[in-house]
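Student: Coordinates for the following, if possible.
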Amino acid sequence: MTARIGVVTFPGSLDDRDAQRAIRLAGAQPVALWHGETALRGVDAVILPGGFSYGDYLRGGAIARFAPVMETLVDAAKGGLPVLGICNGFQILCESHLLPGALTRNAHLHFRRRSQRLRVENTTSAFTGHFDAGQEIVIPVKNGEGRFVADERTLDELEGEGRVVVRYVDGNPSGAMRDIAGISNAAGNVVGMMPHPEHAVEALTGPSVDGLGLFTSVIAHLGRTAVGAGSSQT
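Tutor: As a prediction, the model looks like this:
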């Protein structure tokens, strides 16, 4: 059965259609989800896309965390639903306390948009199983509030538990602590990253097709978990 992956649209979302296209190219069915509704429509995973939800008033993701859809999504994520937050979506995950730390203004106070080399540090999350540990990939970044920050205890915990998913190499575009570009929760089903994998899925338009791996990874993850669930019921 084809996996159904939801993409939430908030007021100010910019990359929801791009995420839907990436899902389709990866071989799954995109399902549009609306911020003002609580229903997740039976999806198998959810993408929180990039953009400027609610105009980034207060700070990125601070208002979106109170959207009706997030009430349902937070509970579903805690129950194991795979969730990927991209850029503004990463901010929303942190504001919702599904991921630790925060995303603040870039250290140099400038918006950065460029193709960025990353190193995949964790291949056990729901969204990175199709990569090799230490593999370097190129994915675009475009943000003004992309600097990941956390206290030293949290940073040490993320490092010690292998929850740093991707790390910047060949330059840190935001001044993120320890060059962190993306992290996961302890269970590995919730991932947030500042770079935009949905903009690196086609050779014609992206700097690479490396971003497609995040979408094919979750499809494979869903296939494995479905098989496991079926086996446990026999």
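Student: how about the strands in the protein?
Tutor: Using DSSP state E, the strands assigned to the chain run over residues 4-9, 29-34, 45-48, 83-86, 102-104, 112-120, 136-143, 147-149, 164-168, 180-184, 190-193.
Student: Who are the packing partners of the first one?
Tutor: The reference is to strand 4-9. Judged by 3 or more CB pairs under 8 Å, 6 or more residues apart in numbering; DSSP states H and E, strand 4-9 is in contact with helix 16-26, strand 29-34, strand 45-48, helix 212-232. (Each C-beta comes from the backbone N, C-alpha and C, glycine too.)
Student: related to what we said a few turns ago, want to throw the strands of the chain into a markdown table with mean pLDDT and distance to L212?
Tutor: Formatted as a markdown table, these follow (pLDDT from 0 to 100; distance: least, CB to CB, whole Å):
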| stretch | mean pLDDT | distance to L212 |
| --- | --- | --- |
| strand 4-9 | 98 | 13 |
| strand 29-34 | 98 | 14 |
| strand 45-48 | 98 | 14 |
| strand 83-86 | 98 | 13 |
| strand 102-104 | 97 | 24 |
| strand 112-120 | 97 | 14 |
| strand 136-143 | 98 | 10 |
| strand 147-149 | 98 | 24 |
| strand 164-168 | 98 | 15 |
| strand 180-184 | 98 | 16 |
| strand 190-193 | 98 | 14 |
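Student: Please identify the most buried of the helices and strands packed on strand 4-9.
Tutor: Highest mean neighbour count among the helices and strands packed on strand 4-9 (mean count of other CB atoms under 10 Å): strand 45-48, with a mean of 29.
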